[in-house]
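In: Just to be clear, the model below is a prediction. Sequence and coordinates:
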Amino acid sequence: MDLSVVGSQLLVGLSRAMILFIVSAGLSFVLGVLRVPNIFHGSLYMIGAFSAFSIATWLGGQSTGLWLAMLAAPVVAVAIGMIVERALLAHLYRREHLMLILFTWGVMLILNDLVKLAWGPTYRSIMPPAALQGSASLLGIALPRYNLFLLLIGPLVAVGLWLFTQRTRIGKIARAAAVDQEMVAILGINVSRVLAVAFLVGCYLAGLGGALVAPTTSITLGMDHSIIVDAFLIVTIGGLGNIWGALVGALVFGVTQSLGLLVWPQFAVVFPYLTVVIVLLLRPRGLLRSVW
Amino acid sequence: MLEVEGIHTYYGLSHILFDVSLRVEAGEVVCLLGRNGAGKTTTLKSVMGVTPPKRGRIRFNGEEIVGRPPHVLAQMGMGYVPDDRRIFPDLTVRENLEIAAKDPAGHRQWDRDRVYALFPALREKEPVKGGHLSGGEQKMLAIARALMGNPELLLLDEPMEGLAPLLVRALEEQVLKLKAISLTVLLAEQNVHSALRLSDRCYVIDDGHIRFQGSVLDLKENEEVRRRYLLV
Ligand SMILES: Nc1ncnc2c1ncn2[C@@H]1O[C@H](COP(=O)(O)OP(=O)(O)OP(=O)(O)O)[C@@H](O)[C@H]1O
Ligand SMILES: [Mg+2]
């Protein structure tokens, strides 16, 4: 087999893993800090993608419009996520997990219907901004520019999230609240506000993932289901609530997916799931330390 | 500064505090003595709003506070050091202190340097995660963390519990320093000797009832109360 084909497939896999990472990191962060397994995280991803399409179209589909769409689409996801959080979820944080799963699952169904109403059942697609069209070469391997862009964005998001949790006051408080919300409150901190900020970060990452994936795929109903399953698996193999775990999990997932395409194309989809099973058999609590 | 009047507190259906009343004046160190399970922690938690009483009144600086959530009470000037320390294990010593920093009254008595001056051992542990500290270090950190919030009233729940005698002495010194700068303290203790060295007045609680109140001298002279409720 041609090595450069393997190399480019690997890089494509890595760049796809960056989107998986961004979405999973958001899910994992919310799971770690708020203890909420947020099923409608996938809906926010889908809304991010559809919004990117609509904003880009509305702005005329030119390069500037596409860039602005990338920036603004996650904000739409944040707005919708925060309406749900403030109006409903904020009152349910102390409920048991099954209740939270059922609730966020219900929200997913509702958001799915709203997306259907707003955008209809047809496929949508957008182009990457002009500067990211065509291909470039990395280490002598030809690769679509947009995938290179994703390879840059992923680590940037990882570092940004790390700085947020380690260097900002609210990030440190969020880490404390992940362990003991009552004690955080005793220090005079309004925990509800901290949880809202943590949830906002999660929504933003879901929307950003959606906006980033939009130029690489057909935007369609059902995106929410497939991403949420993958994201939960990634978070589980990485270690619940661990941001670096989300990165490792996403890399394992994305790379086995794309290498599977080379090895056995008809069965490529099963490779990442098979890997998940193997990882969980060997390390039931995930590759990195789980905060649970 | 603090007036607790006839509070009744429950955990679910079990009735724990019965008509508990106590007062703490500004600048006093008042001790709440009682053996295991007497209701000391529950009393402090009731004051802090963690387990609000079902009946009775609590006033802090003249304001009725029953029903207010803990973060509001902390903002009003209460600080609480739980008996089980509850240090944030994933945060470093420094971060544990940083997130606790506030200054409700706006006169900034305490900052990191000052709490390190009070507990020099913590300065050396600044980059260490809270979860990797020894029990005694965690105790000091819990007190330091509460002080970072510049409280007017400090609720201390068994700060000496489980410490080596040498450390108990050292910690007593620190509490006396707090007293010297006229911080108001409500101290829950089982250790009668420490408590008597530190406080101005004391209450004895048993089975959720206040059984005795008086000055330290009164309690020293009252064999009966000490034998019946304090096992000494
Ligand atoms: N979370 C809880 N749920 C139910 N009952 C509780 C709970 N916490 C304490 N209790 C009960 O309330 C009573 C008073 O407990 P509390 O913790 O206030 O005692 P304490 O005086 O602080 O004792 P110790 O010296 O052991 O700390 C005890 O009988 C205890 O069993
Ligand atoms: Mg106790």
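Out: Right, received. Where do you want to start? Just so it is clear, the model here is predicted, and its values are computed rather than measured. Ligands and ions are numbered 1, 2, ... in the order given.

In: mind checking how far the closest residue to ligand 2 within chain B is from ligand 1?
Out: For chain B and ligand 2, the shortest gap (CB to the ion) falls at residue B:41, measuring 3.1 Å. Quick note: C-beta positions are derived from backbone N, CA and C, even for glycine. Distance, residue B:41 to ligand 1, by CB to the nearest ligand atom, to the nearest Å: 3 Å.

In: Can you give me the neighbour number for that residue?
Out: Neighbours of residue B:41 under the rule other CB atoms under 10 Å in any protein chain shown: 20.

In: need the strands for chain A, in chain order.
Out: Counting by DSSP state E, one finds strands in chain A at the ranges A:135-138, A:141-144.

In: doesn't residue B:157 make contact with the residue of chain B closest to ligand 2?
Out: Yes - contact criterion CB atoms under 8 Å: residue B:41 and residue B:157 qualify, at 5.7 Å.

In: where do the contact lists of those two overlap?
Out: Listed contacts common to residue B:41 and residue B:157 are B:82-83, B:188; contacts here mean CB atoms under 8 Å, 6 or more residues apart in numbering or on different chains.

In: residues making contact with the helix ranked longest in chain B?
Out: Looking across chain B with DSSP state H, the single longest helix is helix B:165-180. Residues from elsewhere that reach helix B:165-180 (CB under 8 Å, 6+ apart): B:29, B:118-119, B:136, B:139-140, B:143, B:147, B:154, B:156, B:159-160, B:163, B:185, B:187, B:191, B:194, B:197-198.

In: rerun at 7 Å
Out: Helix B:165-180 is contacted by residues B:29, B:118-119, B:136, B:159-160, B:163, B:185, B:194, B:197-198 when judged by CB atoms under 7 Å, 6 or more residues apart in numbering or on different chains.

In: and that helix, how far from the chain's centre?
Out: 14 Å (CA atoms, centre = their mean, to the nearest Å).

In: can you dump the C-alpha coordinates of it into PDB?
Out: Provided in PDB are the C-alpha atoms of helix B:165-180 (Å, rounded to 0.1, in the frame of the first residue of the first chain):
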ATOM      1  CA  PRO B 165      -1.000  17.100  70.700                       C
ATOM      2  CA  LEU B 166       1.800  19.300  69.400                       C
ATOM      3  CA  LEU B 167      -0.400  20.500  66.500                       C
ATOM      4  CA  VAL B 168      -3.300  21.100  68.800                       C
ATOM      5  CA  ARG B 169      -1.100  23.500  70.800                       C
ATOM      6  CA  ALA B 170       0.000  25.200  67.700                       C
ATOM      7  CA  LEU B 171      -3.500  25.600  66.400                       C
ATOM      8  CA  GLU B 172      -4.700  26.900  69.700                       C
ATOM      9  CA  GLU B 173      -2.000  29.600  69.400                       C
ATOM     10  CA  GLN B 174      -3.400  30.500  66.000                       C
ATOM     11  CA  VAL B 175      -7.000  30.700  67.300                       C
ATOM     12  CA  LEU B 176      -5.800  32.900  70.100                       C
ATOM     13  CA  LYS B 177      -4.200  35.200  67.600                       C
ATOM     14  CA  LEU B 178      -7.500  35.400  65.800                       C
ATOM     15  CA  LYS B 179      -9.200  36.200  69.100                       C
ATOM     16  CA  ALA B 180      -6.600  38.900  69.700                       C
END
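
In: number of nearby residues for residue 160?
Out: With no chain named, the answer covers chain A. For residue A:160, the count of nearby residues is 12 (other CB under 10 Å).

In: You answered for a different chain; I wanted chain B.
Out: Residue B:160 has 22 nearby residues by other CB under 10 Å.

In: Tell me the buried residues in the longest helix of chain B?
Out: Neighbour-count burial for helix B:165-180 flags B:167-168, B:171-172, B:174-175, B:178-179 (criterion: 16 or more other CB atoms under 10 Å in any protein chain shown).

In: Closest residue of the stretch 1-150 of chain A to ligand 1?
Out: The nearest approach of the stretch 1-150 of chain A to ligand 1 comes at residue A:94, 15.1 Å away (CB to the nearest ligand atom).

In: And the pLDDT at that residue?
Out: Note on residue A:94: pLDDT of 82.

In: What of residue B:231?
Out: If you check residue B:231, the pLDDT there is 69.

In: what about the residue nearest to residue B:27 when sequence neighbours are not counted, is that helix, strand or coil?
Out: Closest residue to residue B:27 apart from its sequence neighbours, by CB to CB, 6 or more residues apart in numbering or on different chains: residue B:182 at 4.3 Å. On the three-state scheme (DSSP: H, G, I helix; E, B strand; the rest coil), residue B:182 is labelled coil.

In: Out of the helices and strands in the chain, which is least certain?
Out: Because you didn't say which chain, this covers chain A. Within chain A, confidence by mean pLDDT, DSSP states H and E is lowest for strand A:135-138 among all helices and strands, at a mean of 82.

In: hm, I was asking about chain B
Out: Lowest by mean pLDDT, DSSP H and E among the helices and strands of chain B is helix B:223-230, with a mean of 79.

In: From residue A:154, how far out is residue A:248?
Out: Per CB to CB, to the nearest Å, residue A:248 is found 12 Å from residue A:154.

In: between those two, who's got more neighbours?
Out: Neighbour totals were compared for residue A:248 and residue A:154, and residue A:154 leads with 24 against 20 (other CB under 10 Å).

In: Number of residues surrounding residue 87?
Out: Just so you know, I chose chain A. The tally of other residues near residue A:87 (other CB under 10 Å) stands at 9.

In: nope, chain B please
Out: Residue B:87 has 24 neighbours, counted by other CB under 10 Å.

In: which residues in chain A form helices?
Out: Under DSSP H, chain A gives helices at A:3-34, A:41-58, A:63-87, A:97-119, A:145-167, A:169-179, A:181-186, A:191-213, A:223-238, A:243-263, A:270-282.

In: could I get the ones you listed as TSV with mean pLDDT and distance to residue B:51?
Out: Conversion of these to TSV gives the following (pLDDT from 0 to 100; distance: least, CB to CB, whole Å):
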stretch	mean pLDDT	distance to residue B:51
helix A:3-34	91	23
helix A:41-58	96	34
helix A:63-87	95	27
helix A:97-119	95	24
helix A:145-167	94	31
helix A:169-179	95	20
helix A:181-186	96	11
helix A:191-213	96	17
helix A:223-238	94	35
helix A:243-263	90	35
helix A:270-282	88	40
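
In: could you dump those helices to TSV with distance to residue B:93?
Out: Below are these laid out as TSV (distance: least, CB to CB, whole Å):
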stretch	distance to residue B:93
helix A:3-34	21
helix A:41-58	34
helix A:63-87	33
helix A:97-119	32
helix A:145-167	15
helix A:169-179	13
helix A:181-186	15
helix A:191-213	21
helix A:223-238	28
helix A:243-263	23
helix A:270-282	35
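
In: out of the ones you listed, deepest packed?
Out: Of these, the one with the most neighbours on average (mean count of other CB atoms under 10 Å in any protein chain shown) is helix A:41-58, at a mean of 27.

In: List of residues touching that helix?
Out: With CB under 7 Å, 6+ apart as the test, helix A:41-58 has contacts from A:23, A:26-27, A:65-66, A:68-70, A:72-74, A:76-77, A:80-81, A:108, A:111-112, A:115, A:119, A:124, A:126, A:202-203, A:206-211, A:213-214, A:219, A:223-225, A:227-228, A:231.

In: same question, stretch B:181-196
Out: Stretch B:181-196 is contacted by residues B:1-2, B:24, B:26-33, B:35, B:40-41, B:44, B:152-158, B:160, B:168, B:172, B:178-179, B:198-199, B:202, B:216, B:219-220, B:226, B:230, B:232 when judged by CB under 7 Å, 6+ apart.
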